[in-house]
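What follows is a predicted structure for the sequence shown.
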Amino acid sequence: MDYQIKELMKQGLSRNEIFEQLRKQSGNQMRLANKIATFEPGSSSRRTVLLNRVLLTLCLLQACFGIWVIYSNVVPMDEEFGWQGIVATFILTIFYFVGLFRMSFTGYASFILLCISVAAGYVYFFNYFPVVSVVGVLLAISGGALSYSIKVRLFPHMGFMDVKKDENGTYIFE
């Protein structure tokens, strides 16, 4: 299906025309709409690539900060749970880093959700670790905001988590 979309885009067809052509071949219209919407035929601008590199750095910085927080605050209280948290953070960071590096819609959307949950966690522990919580919230909010701005720039036809629809229920691609 990806090859067909690529070839039809090379022919100069719009996303809406491609959707109408491939709709009968596809069993799942939402999956087809998502594939067409997230397919980027051209290259990104230099500014977007630079912002994405900053986001990748923020992702790694946030992960390192989270691992340090877990190591210094959770491991002394519950060693097994702390090490499980460190391993989980490390594995999730690899997945998010790959998604952000590939500039995929799913990578940006899932990283935004991670940043929201991480910020909520730091806010919850504000009474116990105020300085650490402020730094963690700032890192999470800046990563989430930058990820959202890049996502909107690269995928203007996508909503927060999926393809936008108009008032008639048809997909918006352009």
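All right, it came through fine.

secondary structure element for the closest residue in space to Met1 that isn't next to it in sequence?
Closest residue in space to Met1, ignoring its immediate chain neighbours: Lys35 at 6.2 Å, by C-beta to C-beta, 6 or more residues apart in numbering. Yep, even glycine has a C-beta here, placed from its N, CA and C like the rest. Here Lys35, judged by DSSP states H and E, is contained in helix 29-38.

what about the helix or strand following that helix, average pLDDT?
Where DSSP H and E defines the elements, the next helix or strand beyond helix 29-38 is helix 46-69. Averaging pLDDT along helix 46-69 gives 94.

Mind listing residues that contact helix 46-69?
Around helix 46-69, the neighbours that count as contacts under C-beta atoms under 8 Å, 6 or more residues apart in numbering are 44, 86, 89-90, 92-93, 96-97, 100-101, 103, 111, 115, 118, 129, 132, 135-136, 139-140, 142-143, 146-147, 149-150, 153-154.

Quick one: buried ones out of those?
Listed as buried from the contacts of helix 46-69 are 86, 89, 93, 96-97, 100, 103, 111, 115, 118, 132, 136, 139-140, 142-143, 146-147, 150, 154; burial here means 16 or more other C-beta atoms under 10 Å.

Tell me if I'm right that Ala33 and Lys164 touch.
No - judged on C-beta atoms under 8 Å, Ala33 makes no contact with Lys164 at a distance of 9.6 Å.

okay, now the domains of the chain?
2-38, 46-154 (automatic domain parsing).

now for those, which one comes closest to Gly169?
Evaluated with C-beta to C-beta, the domains of the chain place domain 2-38 nearest to Gly169, the distance being 10.9 Å.

about what we covered before: among the buried ones among the contacts of helix 46-69, which ones are in helices?
Counting by DSSP state H, these place 86, 89, 93, 96-97, 100, 111, 115, 118, 132, 136, 139-140, 142-143, 146-147, 150, 154 in helices.
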